[in-house]
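Chemist: please work out how this folds:
(2 chains)
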Amino acid sequence: MLKPVPNKLDLPAIDRELLDFWKRERIFEKSVERTGPKGDFVFYDGPPGTNGVPHVGHMMQSALKDLWPRFKTMQGFRVLRKAGWDTHGLPIELTADRELGFKSKREVDAYGVQKYIDYCRQTVFRYKGMWEEAISKIGRFVDLENAYATYQPYYIQSDWWTLKQAWNLELEGEAREQALKLGQSPRYLYRDYRVMAYSPRTGTTLSNFEVAQGYEDVTDLTLYVKFRLKEKQDSHDVYLTAWTTTPWTLLSNLAVAVHPEIEYVTVELLEDCDAGKAGERLILAQARHQALLPFFGKHHIVGHQLGADLAGKKYEPMWEWLPSDHESAMRVVADDYVTALDGTGLVHLAYYGEDDFRILRKNGIPLVLAVDKDGLVADFVKPFAGRWFREEHLDVDILKALKEKGLLIAKEKHTHSYPFDYRTGSPLMYFPRPAWFIRTTALKEMMIEANKLIGWRPEHIRDGRFGNWLENISDWNVTRERYWGSPLPLWVPEDGDLSEAVCVESLAELRSLVERSGNTLPAGFDPHKPQIDEVTLLTKDGRVMRREDFVLDSWFNAGLMPWGQYGFPAEAGSDEQFRAQYPCDFICEGLDQTRGWFYTLLACSCLVAKAQQDDAKKRGDRERARFWNDPRNWSSYRNVICTELVLDHEGRKMSKSKGNVVDPVALFDKFGADPVRWIFYASNPWNAIRFGEEEISDAVRAVILPLWNSYTFFVTYALIDEWRPGQGTVAPTLMDRWIVSEYHRLIEKVTVSLEDFDVASAAGAISRFLDLLTNWYIRRSRRRFWKSDSDTDKATAYATLYEVLTGLVYALAPFLPFLSEHVYQNLVRGLNPDAPASVHLAAFPMANPALRDEALEARMERVFEAVTLARALRQERNLRVRQPLTSVVWVVPDQSTEAELAPFLQIMADELNVKSVKLRHDDRDLVTRSATANFKVLGKRVGSRMPKVAKAVAAMTDEQIQAVEGGGRFRFEEFELGLDDIQIRRSEKPGLALRSDGFMTVALDTELTPELEAEGMAREIVHHIQNLRKQSGFDIADRIALEVQAHSPSLEAAVLRYKDYICKETLALDFELKSAVTGTTLDANGHTFTLAVRRANRTTNKTEA
RNA sequence: GGGCCUGUAGCUCAGUUGGUUAGAGCGCACGGCUGAUAACCGUGAGGUCACAAGUUCAAAUCUUGUCAGGCCCA
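Modeler: Sure thing, here's the model as predicted:
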């Protein structure tokens, strides 16, 4: 049985009830326990970090991450949804440091690494409860119980296995030679250096994010210096010039860089000056010549050359400790990074900067560091040994030494921003730190190939942001000098002999290696620092090996999630799980993940694909080879939606400092989850979305209420009539066939749009359909439900509305899981206990093309247009719809449509409250025609003569146009124009009550006869009685008794004449026209009357007369 | 400095392969409805499509540049 609908819609109460119901009935679990007839639709949940609270942006992702799995489940797929948490990495250490008051690695070491790790581990899940609450309350179906967490030993083993894949892969051919030349191992996992922001006082490397917080403006001594070329020019000494803001780096100068395309000049000094002695020649960028004039006395330019011409020139080492005869050091090198915006347009290079490092390595120049990692000048730099790199006098002493050597041009005080440790205030330096890399450059082609096959939303990311990133990729530094993370599973002999190094791929392998070394792993071994560092291994010849003291980039953890979530391959059963759930069909994360998760997922999967190709080939496993050779499997994701920011109602970023951060859970508790979800579907999520309470009530108005109102309308009358599905004979009217057709159109559109990951189009189609349903179908069909006869027409109305409404509820289930479930439980389950227990276990509706009637849809559109014209006329003539009129003339200048449109005339007459609608197609007496060229058709034919033709068409007379309409041709020069070549527009002749939209015309008979006036009065009276009924709190099926006193003879006549009509409309059993009535006095079209209404004796729940 | 995105009605946004009346919702004005209504319905006003140049018979749409905003990277 249907249950009556409460008159108040309490969404939060519905949410609570259904969350409880889903949990009790295990609805989500049931959906994943059954096998999908269409197989698996695979979804990967990107792991959020949990040491912060969830915000609205996460809720947008939750809403989207929930939509497609629900949709696909209803379509017959199984969609596993394993949640996950990102539990390693910098944010957790920073939280721990802040709370423990630590500012440096040394303090952590003093505190004790074990205690520190334990603290981090406790911090990880501090806000997990809040996350779980928010995720459940938005209605997300996701497996939180079996969520993966990156700090678990099974996950760490997947990290190790993945690294082992890289360890086993080796470069080949030229790339291999190149790597060996740089002193790197040719493996895909290799050790090198990376220039990092480093705090020598605290021994800590800082992330870019941390560095950004500690810039300060400082004034430093800067130097213009010169380097003497080995080769003289016409017996003149030639010097390269350079400017530096960090004189201490000059102690380590190894090369000088130029831009290959910048123009450089050679200047010859004609007298002694700051820059040097008469006769010396100096090379500088032409663009800097003017700025450097103050340093020169008399001089002239003796040469021009491009940077590329300078490349390779050798110069004398600035200092005696620098290599003097290395094949590539102390040379000019060319690189695009050099600019002529400041300095001399030449740049001195030392290994203390990212670009410097890159260029020096590229040119095979050996590492020389005159300042060590403690910030002190090294012992081999005799004159300055042991001095602090930022000591003011060091710069001065370097200046003096250079002046003595004749290599100084000038000094200058210069203010620039310099990075400091934001926690201790001590200066940072960029320093090459040892680090381990994955050779993503060797995977570049694979990644680019795989990227072409990824379905990006929005699409421009593929070739834009992401594609560019891949094009400019460098090897991936996967290690960090931190504590709380997956440990790097590499053991190296104490003497640093990397050729003996061991990369461990699992705990089992580690255990056996430990045992082979004569030890055992302790019980309850935790593969984190510091326990992992206590594990030492032995080489075959008995040398001690220690672990390389690094943890892994937490992005690396996240990138291998496709197998990490199952602990593949070490965990039992993970092989099947991974194979069944790889690659995935859909992920959805923030746009900022292009360099984050989107990238690391791709890098990790390409790495594994490459390794698996090799491995499968080696083992002759054809099936596996075929799988991994297919570029469609190189990316672990096939479709990705990028989300933009959620802004506040004003369009501002949400931030704590602005105080405009919204607590999602509070919103769900106040408004319910469905309206919040709808906001994230109504416009595409890759555009920034504005979000506030106003937007929520918009969503309520746009979808929730129309759905709710349709539902309550249906239930109210179905209860009165005790309607059951299948009851009565059904004979669909035009209106019924139309709404069914529109319904199938909707289903088609929603299905196609969702399969295309275009949620906004799907949502737009739903809004449109709800408007048609409530404001046309139901409004125009109300009387079919009200009327007393239980006939075929009524049965058809019920059957049609039921079909469309329940279908709509299924289609809405992925979007509005709560309200649709609530309606489903009553409308479907209430009448059919055999239906699936939940709408979320039911099937998504299939669009049935046989029930579409596109011609009918198009004609109904024409009816809407005609109605709009007529309503505008009524408005203009001040004739309210309640006043009946004799006729409307509808002129459609299209012969063929008359028969097609005739069936719609009654609908129009009802809607417009006229006695008849007359259809015509001849509008000659009503409108004047004008024509414009049909540019699309004519443009192709007449080309550049278009403007002339257009002018001629515009000048056509009404008669000429009519002739063309009648099948004639219009001649202009050599062109013969037919009906298809022009567009005809009609405008109303003045003085008539008519309107045209340029095509069709509507004319209104505005004459009011006494009969029409009387009927209008009767309708006014009905209208007032209905108001009174409602005010008096009567039930809609209550019978009433009426007493009426008319204060004018014409009104009395109208009342008498329409007595039966009034009674029928208002369910009045008794009607008395009296000369005196005590009641409410009201007005009907300027005539007053007094009215008394009381409930009649007989009360019934049924409308049968 | 580089890359990508965005600029259309007061506001938020649609706008197909270029084709001449540029759409919707909200807001506003006016009117209506009250037997589905935490209501709703109708009608109307409101736009040099950021600016400039170019391609074309024809540009909101294609190209280039400028300006403004956003994101990412240096």
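Chemist: which residues of the stretch 151-300 of chain A score low on pLDDT?
Modeler: Scanning the stretch 151-300 of chain A for pLDDT under 70 picks out no residues.
Chemist: quick one: name the residues of it near RNA strand B.
Modeler: Applying CB under 7 Å from any atom of the strand, one finds that the stretch 151-300 of chain A approaches RNA strand B through A:N208. No exception for glycine: its C-beta is placed from N, CA and C like everyone else's.
Chemist: show me where the stretch 151-300 of chain A has strands.
Modeler: A:189-199, A:204-206, A:215-228, A:238-244, A:255-258, A:263-269, A:281-285, A:299-306 (DSSP state E, counting those that start in this stretch).
Chemist: dump the ones you listed into a markdown table; add distance to A:D533 and mean neighbour count as well.
Modeler: As requested, those are arranged in a markdown table below (distance: least, CB to CB, whole Å; neighbours: other CB atoms under 10 Å):
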| stretch | distance to A:D533 | mean neighbour count |
| --- | --- | --- |
| strand A:189-199 | 18 | 21 |
| strand A:204-206 | 18 | 22 |
| strand A:215-228 | 34 | 18 |
| strand A:238-244 | 40 | 23 |
| strand A:255-258 | 38 | 25 |
| strand A:263-269 | 53 | 20 |
| strand A:281-285 | 51 | 24 |
| strand A:299-306 | 53 | 14 |
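Chemist: tell me the spacing between A:S158 and A:N477.
Modeler: Here the criterion is CB to CB, to the nearest Å. By it, A:S158 lies 20 Å from A:N477.
Chemist: ok, these two, which is more surrounded?
Modeler: Using other CB atoms under 10 Å, the more surrounded residue of A:S158 and A:N477 is A:S158, with 31 against 18.
Chemist: now that one: closest residue in space that isn't a chain neighbour?
Modeler: A:G564 (3.9 Å; CB to CB, 6 or more residues apart in numbering).
Chemist: what's around that neighbour, how many residues?
Modeler: Neighbour number of A:G564 under other CB under 10 Å is 29.
Chemist: pLDDT score assigned to it?
Modeler: Per-residue pLDDT puts A:G564 at 96.
Chemist: same question for A:L992.
Modeler: So A:L992 comes in at 69 (pLDDT).
Chemist: how about A:V661?
Modeler: 78.
Chemist: ok, it - contacts?
Modeler: Residues near A:V661 by CB atoms under 8 Å, 6 or more residues apart in numbering: A:55-56, A:654-655.
Chemist: closest to RNA strand B among those residues?
Modeler: Using CB to the nearest atom of the strand, A:S655 comes nearest to RNA strand B of the contacts of A:V661, at 10.3 Å.
Chemist: can you tell me the SS state at that closest one?
Modeler: Here A:S655 is recorded as coil under DSSP: H, G, I helix; E, B strand; the rest coil.
Chemist: ok, it to A:G279 distance?
Modeler: Distance, A:S655 to A:G279, by CB to CB: 63 Å.
Chemist: for A:D549, same thing?
Modeler: With distances taken as CB to CB, A:D549 is found 56 Å from A:G279.
Chemist: when these two are compared, which one has more neighbours?
Modeler: A:D549 (16 against 13).
Chemist: spatially nearest residue to the more buried one (excluding sequence neighbours)?
Modeler: A:D533 (6.7 Å).
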